[in-house]
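Visitor: fold the stuff below for me.
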Amino acid sequence: QVQLVESGGGLVQAGGSLRLSCAASGRLFSSSVMGWFRQAPGKEREFAAATSWSGIRTYYADSVKGRFTISRDNAKNTVNLQMNSLKPEDTAVYYCAATEAITSGSVDRSYKYNYWGQGTQVTVSS
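Guide: Numbers count the residues shown, from 1 in each chain. This next block holds a predicted model:
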């Protein structure tokens, strides 16, 4: 089993920054992919970013490209999401997710991920 625990959410003004972390434990493999998804009230869960377990390959939704950076910290076994230039439309619950094997063309599909964290709230005020 894999456990994922997110932290780092909060309230920030538009234009500000937040850093989310996801602590992973359990059996993850070198083929695993870690992702961040988000869900705003009344909307479907959407892909934000993903990284290979090595951190070498990264993927971003167009809506966050250039503002968000996903990274791996191998020493701490965490996946981080640095969010800059935040906008009110970034307000959502952010979820960390993991999957043991996925093709690069499917990293944005939530149903491909086997493990999920409990989510952390990010609120961006205008």
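Visitor: the strands in the chain, which residues?
Guide: 2-7, 10-13, 18-26, 33-39, 46-52, 58-60, 68-73, 78-83, 92-99, 115-116, 120-125 (DSSP state E).
Visitor: redo those strands as CSV? Include distance to R109.
Guide: Where C-beta positions appear, they are placed from N, C-alpha and C, glycine not excepted. Shown next, in CSV, are these (distance: least, Cβ to Cβ, whole Å):
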stretch, distance to R109
strand 2-7, 18
strand 10-13, 28
strand 18-26, 18
strand 33-39, 10
strand 46-52, 8
strand 58-60, 11
strand 68-73, 17
strand 78-83, 18
strand 92-99, 10
strand 115-116, 14
strand 120-125, 22
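Visitor: which one of those strands lies nearest to G105?
Guide: Nearest to G105 among the strands of the chain is strand 58-60 (9.9 Å), distances taken as Cβ to Cβ.
Visitor: show me what the closest one is packed against.
Guide: strand 46-52, strand 68-73 (3 or more Cβ pairs under 8 Å, 6 or more residues apart in numbering; DSSP states H and E).
Visitor: give me the pLDDT value at the most centrally placed residue in the chain.
Guide: The centroid of the chain falls nearest to W36 when counting by Cα atoms, centre = their mean (1.9 Å). W36 is assigned a pLDDT of 98 by the prediction.
Visitor: so T78 bridges to which residues?
Guide: Beta-bridge partners recorded for T78 (DSSP bridges): A23, D73.
Visitor: check contacts around it.
Guide: Shown in contact with T78 (Cβ atoms under 8 Å, 6 or more residues apart in numbering): 21-24, 72.
Visitor: which one of the residues you listed sits closest to M83?
Guide: Using Cβ to Cβ, the contacts of T78 come closest to M83 at S21, 11.7 Å.
Visitor: what separation is there between the closest one and G9?
Guide: For S21, the distance to G9 (Cβ to Cβ, to the nearest Å) stands at 10 Å.
Visitor: likewise for R72?
Guide: 20 Å.
Visitor: please apply the same query to Y115.
Guide: 19 Å.
Visitor: please apply the same query to G66.
Guide: As for G66, its distance to G9 is 21 Å (criterion: Cβ to Cβ).
Visitor: what does Y113 give?
Guide: 19 Å.
Visitor: all set, thanks.
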